[in-house]
Every structure is written in structure tokens, then in C-alpha cells.
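S.K.: here is my input, please return the structure:
(one chain, ligands or ions: 1)
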Amino acid sequence: MKVQRNGAADVRICADPDELAARAADAAAAAINEVVAAEGRCSVVLSGGSTPRGFHRMLMLRGDAIPWEQVHLFWSDERYVPADDPRSNYGMAKETLLDHVPCPPSNMHPMPTASLEPPEAARRYERSIREYFAGGPVRFDLAVLGIGADGHTASLFPGSRALLERTRLVLAVTTDAEPPTRLTLTLPVLTSCARVWFLATGAEKAAAVRTAIESGDASPAGVVSAAADDVVWWLDRDAAADPGARRNSGGLNEM
Ligand code: 6PG
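M.R.: Residues are numbered from 1 along each chain as shown. The predicted model follows:
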């Protein structure tokens, strides 16, 4: 693994997705233990899509190296589908992590996607976040996010009015993605997390990753990366490559 600073961003380049998942899981275990030792509990925001699957499996394999009884899990966004729908972010986490670790169900805080209209579901999730932080400052200990090839993160997509939100913590949004209706944490929440990690693999992410790291305000992921206090980009070689160069030549580590 190659570690470098690129401006304020800490970029960790791994050989492949498997090394990335293992290294990020090791770092997550260390961070969670550090926070639990200091605070007695640790709040972790998970995201969806496919990239986190390997990371979740590596977390699961670290078993009792992580004090799951003191870990609280939240989500950065959710597709507005039932939890058993194959597109559900919670459902993916349940399959790859939650069903295999002793995290108490009361510590799992999935976004509500049944029986409520999306805007009410967003308000309810916002209330649950504020309750967790007992009305004090909302500051998750660790957010593990992804990035789309268009630079979106969570369900904050380029050009979305949700990017202008400065007070609400959670919004219901309609996107061009599938499925279109989603709940998402807003920029004020994501940028206030104590630690923000982006996990990205594959050549199709290289351009969005470079834009996010080099030109913060050009994409939702870039805005979060530029504004958060402690950001790590976990990349495999393909996602770290220079999108304009020939394959395997140039890249973030050549910057
Ligand atoms: C979602 C995610 C989203 C994801 C990116 C990358 O609900 O889809 O939260 O922000 O992180 O779309 O997805 P992949 O990991 O599948 O490329």
C-alpha cells in the first residue's frame, strides 16, 4: 500500500480491491477501538452500492477485534425500497456484515423505507440521529462512503438541490438513479463527521476520484472531501490511475 498526502487528502493506494478491503477494515477496527476507549461508543455511517461488500466481509472476519456491543451503525443513504429488496443498502449490509457480527439490533439504525412517505421517513431518521446525539452536535465518528463515476456520494448527485441544504440532516430526494427515490444524509452531516473515508475501486472511478481530490467543489464527493476534518481516500491502483494516461502509467501517486 502506498500512502501519500495530496493537499489535505490522505490517499492510500492498494494493489487491488481485496487489499483495499483488508487494509480499510484493519484501519476501521483500530479507529473504532480508539473511539470506544475514549468515548465508550462509536458511531459508524455505512454506505451502499457494491464497493462496501468486500470491506464489510473483512470487518466480519475481524470478529471480536471490534467491540461490536459499543458500535452504532447508521447509513449515509438508502434506496426507498423494502429492506429485503436486493437494491437495499441495509439489506446488503445485513447480508455481508450485520448477520455475522454481535452488533445489538438496538445499535443498528437503518433508514426507514416502509409504511411512511419519503419526506416523513427523512424527518423520522433525522429525529433518530438527534436523539442519538442527545440534542448535542451531530458528529459521527466515522463515515465510510463511496463515489459514483459522476462524483456523487451518498445520494447527493451533481446538480441536486439537496446540495444546497444547510440545516436539515436527512432529505428525501428523487434522482436519475435506480431506484430514483432515496433518503440521504446532507452535506452538513457528512462534512461534520470526525473521519470520512471514501472507498473506490476500478478505472471507471478514476476521473471522479481525481476531480474530487483535486477540485473539491466540482462534485458532491469533492465538497465532502474538501470540507471534512480528516479524510482518507482508499483506492485500488485502477481508481488511483490518471484517467487521461495510458493504462498503468501515471496516477495519483505521480501527482
Ligand atoms: C448508493 C451509495 C452510493 C455509492 C456509489 C458507489 O446507495 O448507491 O450509497 O453513494 O456509494 O453509488 O457505488 P458502487 O460502490 O456500487 O460503485
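
S.K.: which parts of the stretch 151-255 of the chain sit against the ligand?
M.R.: For the stretch 151-255 of the chain, the residues in contact with the ligand (CB under 6 Å from any ligand atom) are 152-155. To be clear about C-beta, it is placed using only N, CA and C from the backbone, and glycine gets the same treatment.

S.K.: which of those residues tops the neighbour count?
M.R.: The most crowded member of these, judged by other CB atoms under 10 Å, is residue 154 (31 neighbours).

S.K.: just the pLDDT at that residue, thanks.
M.R.: Among the per-residue scores, residue 154 holds a pLDDT of 98.

S.K.: go on, residue 248?
M.R.: pLDDT, residue 248: 47.

S.K.: low pLDDT regions in the stretch 101-250 of the chain?
M.R.: 244-250 (pLDDT under 70).

S.K.: how many neighbouring residues does the residue of it at minimum distance from the ligand have?
M.R.: Nearest residue of the stretch 101-250 of the chain to the ligand (CB to the nearest ligand atom) works out as residue 146 at 2.2 Å. Neighbour count of residue 146, defined by other CB under 10 Å: 23.

S.K.: ok, now residue 36?
M.R.: Residue 36 has 18 nearby residues by other CB under 10 Å.

S.K.: over to residue 80?
M.R.: Neighbours around residue 80, by other CB under 10 Å: 25.

S.K.: test my guess that it contacts residue 183.
M.R.: Yes. Using CB atoms under 8 Å, residue 80 is in contact with residue 183, at 6.6 Å.

S.K.: overlap in contacts of the two?
M.R.: Contact with both residue 80 and residue 183 is made by residues 113, 118, 121, 172, according to CB atoms under 8 Å, 6 or more residues apart in numbering.
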